[in-house]
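Trainee: Give the three-dimensional model of this entry:
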Amino acid sequence: MNHVSTELHPVFKRYIPIAEGIAKTFGSHCEVVVHDLTDVPASVVAIFNGQVTGRKVGSSITSFGLNLLRKVEKGTDSLLNYVDEDVKGKRVKSSSIYIRDDDGHLIGCLSINLDITHYSIAEKLLAEMTSSKKDEESSELSISQFENQMIEKAVEKIGKPVQMMDKFERMEFIYLLDEMGLFRIKGSIQNVASLLGVSKFTIYNYLDKKT
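Mentor: Got it, this is the predicted structure:
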């Protein structure tokens, strides 16, 4: 459902091709509206894919959108990625680009309203289908916890606390961590060096000697 007012302010005419282009690019779930905010009760002067909100030329801006626009700060050109709560039964993600006259006064806006209702449902279904107990457990581990787990496993294999390891046991300890893939984690070499009380270059030297 596409409509354009026959009487348009010259400034708004410049936005019609842009609005139509966006609507055609993103399809029927993407409504694009040009609002004339000098006439709020009938602010819609052009609308493409109006079936998203059920509006047409002569309709007003939603009360939610109007409240947001009232909070516009000087120097702000847009308000992006907000959810319009006035569209009942749908989840609509919106962005508004402000239209100003030659003196810089706010006179309108170009609003993009994307109906993401089906996308939200699909997102939830996909999350449920792909989730697993293992994924949940893994997601709870931070990188530092992940490092600690590997270090604990290596300590168990050596059979001694780090503080009691001799040089050869420390080398074996480092080799075990390397085989586990710990050193692929950024910053882990420095963390292990601090644990052993050596420099990170010592760790690199040990790894270079690994056969």
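Trainee: How far away from the center of its chain is stretch 35-54?
Mentor: Centroid separation for stretch 35-54 versus its chain: 28 Å, with C-alpha atoms, centre = their mean, to the nearest Å.
Trainee: Offset the numbering so it begins at 39, please.
Mentor: Renumbered: residue one is now 39, and that last one reads stretch 73-92.
Trainee: shaky segments in this structure?
Mentor: The chain contains residues with pLDDT under 70 at 39-40, 109-113, 123, 169-181, 249.
Trainee: Strands along that one, start to end?
Mentor: Secondary structure of the chain, counting by DSSP state E: strands at 41-42, 68-74, 82-86, 116-121, 130-138, 144-153.
Trainee: between the ones you listed, which gets nearest to residue 108?
Mentor: When the strands of the chain are compared by C-beta to C-beta, strand 144-153 sits nearest residue 108, at 10.2 Å. To be clear about C-beta, it is placed using only N, CA and C from the backbone, and glycine gets the same treatment.
Trainee: Show me which parts of the closest one are buried, residue by residue.
Mentor: 145-153 (16 or more other C-beta atoms under 10 Å).
Trainee: Pull the number of nearby residues for residue 199.
Mentor: Using other C-beta atoms under 10 Å, the number of residues around residue 199 comes to 8.
Trainee: Pretty sure it sits against residue 193.
Mentor: Yes - Residue 199 lies in contact with residue 193 (C-beta atoms under 8 Å); the separation is 6.8 Å.
Trainee: just the strands of the chain: most buried one?
Mentor: Highest mean neighbour count among the strands of the chain (mean count of other C-beta atoms under 10 Å): strand 68-74, with a mean of 26.
Trainee: For the closest residue to residue 148 other than its chain neighbours, list the residues it contacts.
Mentor: With sequence-adjacent residues excluded and distances taken as C-beta to C-beta, 6 or more residues apart in numbering, residue 148 is closest to residue 135, at 4.7 Å. By C-beta atoms under 8 Å, 6 or more residues apart in numbering, residue 135 lies in contact with 115-116, 147-150.
Trainee: Could you give the bridge partners of residue 135?
Mentor: Following DSSP bridges, residue 135 is listed with bridge partners residue 116, residue 148.
Trainee: and the buried residues of strand 144-153 as TSV, adding distance to residue 81?
Mentor: Formatted as TSV, the buried residues of strand 144-153 follow (distance: C-beta to C-beta, whole Å):
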residue	distance to residue 81
145	11
146	8
147	9
148	12
149	10
150	15
151	14
152	20
153	20
